[in-house]
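Enquirer: Could you look at this predicted model? Sequence included:
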Amino acid sequence: MAVAGVTVTYRNGHTALRDASFHLPVGTIAALVGVNGSGKSTLFKAIMGFLQPDAGNIRLLGMPVSRALKQNLVAYVPQAEEVDWNFPVLVEDVVMMSRYGHMGWLRRPGAADHEAVEQALVRVNMTDFRRRQIGELSGGQKKRVFLARALAQNCRVILLDEPFTGVDVNTEEQIIALLQELRNEGRVMLVSTHNLGSVPEFCDRTIMIKGTVLAHGTTEETFNQANLELAFGGVLRHFMLNGGVLPIGVISDDERPLIIEGGRIQSRDSHARGKDEGNDDTSP
Ligand SMILES: Nc1ncnc2c1ncn2[C@@H]1O[C@H](COP(=O)(O)OP(=O)(O)OP(=O)(O)O)[C@@H](O)[C@H]1O
């Protein structure tokens, strides 16, 4: 995925993205992080071809967006709020919709389509729910159905909008494991997330965004305190804990804080420990 000098201005004249550039090789999970309104959804919409950039260009797997879309190579896993869950549709039908591009003009599913849906549901562990109405599922189950839809489509580029919102830790871990498998198959995933604590855990690359791309590269190089402060500034609750010899910075964009100890980003396990230790003596 190559985004080069992309500027997107909405019809009301608001420029939500200006001169945004980054590139991702295949076989990557990249985090897209930034405050509310920083342009994450705008970038997704441009990559999905819903919005036409006013400047710059986007190439997916070496081809223009329109060609990648025509070949069914791009899938979008939406935020829960974007979907009308009252629409009466079965889980297996939601997944089958992704096969329309593979069907003839009569859109009658064939054996290959049924097989693709079956395999996708197995992969996300949702076969038992195939005859359930999508609206009756929990948040995490719905996310898994949308992931199954991306899989049945056999797309190579997957955009995931906040995949962990309203998802319990078990489901989050299942989704992460699946994304890692997909990465190993050579797919590219761009994941917008406010769960900063889990970014170093599963994202090879990070893109920091705030009206433009502030920084991008491997998570190791990019996901550091200086860039996080640049991207989040005063929005983050940023406080110091006094446990231990070195000061510990806690940066939290949501309920799952990220711990930076001695300039190094800590894993979730150590963050749980830090949280417990820090409860009494945190100061804003
Ligand atoms: N249809 C639109 N018309 C005009 N401005 C818009 C439109 N959609 C979004 N914007 C503006 O563009 C900017 C970027 O919005 P965008 O939805 O891309 O942010 P985001 O990073 O996805 O935010 P969030 O984390 O809240 O989902 C915001 O200032 C927003 O108000």
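Expert: Yep, it's here.

Enquirer: Distance from the chain centre to stretch 152-169, please.
Expert: Stretch 152-169 sits 6 Å away from the centroid of its parent chain (C-alpha atoms, centre = their mean, to the nearest Å).

Enquirer: Mind checking if it is in reach of the ligand?
Expert: No. On the criterion C-beta under 6 Å from any ligand atom, stretch 152-169 is out of touch with the ligand, staying 7.4 Å away. No exception for glycine: its C-beta is placed from N, CA and C like everyone else's.

Enquirer: and the end-to-end length of stretch 123-137?
Expert: 17 Å (C-alpha to C-alpha, to the nearest Å).

Enquirer: Pull out the buried positions in it.
Expert: 123-124, 126, 129-130, 133-134, 137 (16 or more other C-beta atoms under 10 Å).

Enquirer: and the residues you listed, which two are the farthest apart?
Expert: Largest separation among these by C-beta to C-beta: 123 and 133, giving 21.3 Å.

Enquirer: Just the buried residues of stretch 123-137: which are in helices?
Expert: Counted as lying in helices by DSSP state H, out of these, are residue 123.

Enquirer: Dump the buried residues of stretch 123-137 to TSV, plus pLDDT and distance to residue 182.
Expert: Formatted as TSV, these follow (pLDDT from 0 to 100; distance: C-beta to C-beta, whole Å):
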residue	pLDDT	distance to residue 182
123	93	9
124	92	11
126	94	16
129	96	21
130	94	21
133	93	27
134	89	22
137	89	21
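
Enquirer: Need the nearest residue in space to the residue nearest to the spatial centre of the chain, chain neighbours excluded.
Expert: Nearest to the mean C-alpha position of the chain, counting by C-alpha atoms, centre = their mean, stands residue 191 at 1.8 Å. In space, and not counting its chain neighbours, residue 191 is closest to residue 160: 4.6 Å by C-beta to C-beta, 6 or more residues apart in numbering.

Enquirer: Surely that neighbour is in a helix?
Expert: No. Counting by DSSP: H, G, I helix; E, B strand; the rest coil, residue 160 is not found in a helix; it is strand.

Enquirer: circling back to that earlier point, mind giving me the packing neighbours of the helix or strand hosting the residue nearest to the centre of the chain?
Expert: In this assignment (DSSP states H and E), residue 191 forms part of strand 188-192. For strand 188-192, the packing partners by 3 or more C-beta pairs under 8 Å, 6 or more residues apart in numbering; DSSP states H and E come out as strand 28-33, helix 40-47, strand 157-161, helix 169-184.

Enquirer: Using PDB, write out every CA atom in it.
Expert: Taking C-alpha atoms only, strand 188-192 is exported to PDB below (Å, rounded to 0.1, in the frame of the first residue of the first chain):
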ATOM      1  CA  VAL A 188      -1.800  -6.000   4.400                       C
ATOM      2  CA  MET A 189      -3.900  -4.800   7.300                       C
ATOM      3  CA  LEU A 190      -4.400  -1.200   8.400                       C
ATOM      4  CA  VAL A 191      -6.000  -1.000  11.900                       C
ATOM      5  CA  SER A 192      -7.300   2.200  13.400                       C
END
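
Enquirer: which SSE is the nearest residue to residue 130 once chain neighbours are set aside in?
Expert: Closest residue to residue 130 apart from its sequence neighbours, by C-beta to C-beta, 6+ apart: residue 92 at 4.3 Å. In the assignment (DSSP H and E), residue 92 maps to helix 91-97.

Enquirer: can you list contacts of that helix?
Expert: Here helix 91-97 makes contact (C-beta atoms under 8 Å, 6 or more residues apart in numbering) with 109, 113, 117, 120-121, 126, 129-134, 137, 145-146, 148-149, 152.

Enquirer: Then stretch 101-113?
Expert: Against stretch 101-113 from outside (C-beta under 8 Å, 6+ apart): 72, 96, 99-100, 116-117, 153.

Enquirer: one more time with 6 Å, if that's ok
Expert: Around stretch 101-113, the neighbours that count as contacts under C-beta atoms under 6 Å, 6 or more residues apart in numbering are 72, 96, 99-100.

Enquirer: follow-up on the earlier one: direction included, what does the strand holding residue 191 pair against?
Expert: As defined by DSSP bridges, the strand partners of strand 188-192 come to strand 28-33 (parallel), strand 157-161 (parallel).
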